[in-house]
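Visitor: need the 3D shape of this:
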Amino acid sequence: MTEYGTQPLPGLPRAVTICEVGPRDGLQNESAQVETGVKVEFIDRLADAGLTLIEATSVVHPKWVPQLADAEEVLRRIGPRPGVRHPVLVPNQRGLRRALDLGVTDIAVFASATESFAKANLNRTVAESLEMFAPVVGRAREAGMGVRGYLSMCWGDPWEGYVAPAQVVAVATRLIALGCTELSLGDTIGVATAGQVHALLDALTAAGLPIGALAVHFHDTYGQGLANTLTALRYGVTTVDTSAGGLGGCPFAKSATGNLATEDLVWQLNGLGIHTGVDLDKLVDTSTWLADRLRRPSRSAVVRALSNN
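Guide: Predicted coordinates for the structure are as follows:
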């Protein structure tokens, strides 16, 4: 990027933390089983590229997410790495016990802003799911763990349509009250546009949620991921979830295509002079390597452009 220059814009953060979700949120949607060794090398390559927050896997029951049935083996093989955190998605107290036994230091729980998706994903109402998460978050915090709360369907739901900010605020404030140290706002089916992103952040901060506790997680279904991210950065958000090569979707929301590609975000942030600590060339090499193993081209525009140069 430096050969093309950089130009900062006023009102943006100097640095952004990227939460790389490809190894969990990305690979869980693959139709063919991905070998454990490929997953481990993928995570290691991401760390070598400078990513310091890499969601490694989920300890959900293999019946629900068979692609992550090897979670324990993956965690054993990657081990701790100085300066790198590997959050693990846990569904319940049993999952938390497994995570603790494996030496996990950061976990995530996955909640929904809508009743329809809570039923489809967790077979519970929103209130019931929060009751399930309460002891998980409480025990994790007692153990000194960081806890990410993923909040899905923050702008739209495939069954319910538009989701009002007040509906999101009600669940978000509860998750923070439970003890979540960070809340990732998910545009699970990728329908949000910039004004809607601004409106929700307005509503959340007006309700007392600190902007520093909020992250954003955009899908690029309608090509709005970068625009929505820039809006969130202007508001003060400094943590953005992305997936290398644009991997991912949502197994319970068929209209959701891939996550915003990490490479596309890094290109944008590099051009704005915003520090990420990520080596874009190494990251592109990693996504190209993985695309070869998945036997399909990367969804990332930046990967495609740089691979053809």
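
Visitor: which ones are touching the residue nearest the centre of the chain?
Guide: Closest residue to the average C-alpha location of the chain: Asp241 at 4.0 Å, with C-alpha atoms, centre = their mean. Counting by C-beta atoms under 8 Å, 6 or more residues apart in numbering, Asp241 makes contact with 18-19, 21, 25, 184, 186, 215-218, 259-260. Where you see a C-beta, it was placed from the backbone N, CA and C, and this is true even at glycine.

Visitor: repeat for Leu68
Guide: Taking C-beta under 8 Å, 6+ apart, we find Leu68 in contact with 24, 27-28, 57-58, 60, 62.

Visitor: one more time with 10 Å
Guide: Applying C-beta atoms under 10 Å, 6 or more residues apart in numbering to Leu68 gives the contacts 23-24, 27-28, 34, 39, 56-62, 74, 88-89.

Visitor: again with Val266
Guide: 1, 16, 18, 49-51, 242, 244, 274, 276-280, 283-284, 300, 302.

Visitor: rerun at 7 Å
Guide: Neighbouring residues of Val266 by C-beta atoms under 7 Å, 6 or more residues apart in numbering: 276, 278, 280, 283.

Visitor: so which of those residues comes closest to Gln67?
Guide: Checking the contacts of Val266 against Gln67 by C-beta to C-beta gives Leu283 as the nearest, at 22.3 Å.

Visitor: how many residues are close by the nearest residue to that closest one once chain neighbours are set aside?
Guide: Closest residue to Leu283 apart from its sequence neighbours, by C-beta to C-beta, 6 or more residues apart in numbering: Ala49 at 4.4 Å. Neighbour count for Ala49, taken as other C-beta atoms under 10 Å: 24.

Visitor: just Glu131 next, same as before
Guide: Neighbour count of Glu131, defined by other C-beta under 10 Å: 12.

Visitor: so it, which of the three states?
Guide: On the three-state scheme (DSSP: H, G, I helix; E, B strand; the rest coil), Glu131 is labelled helix.
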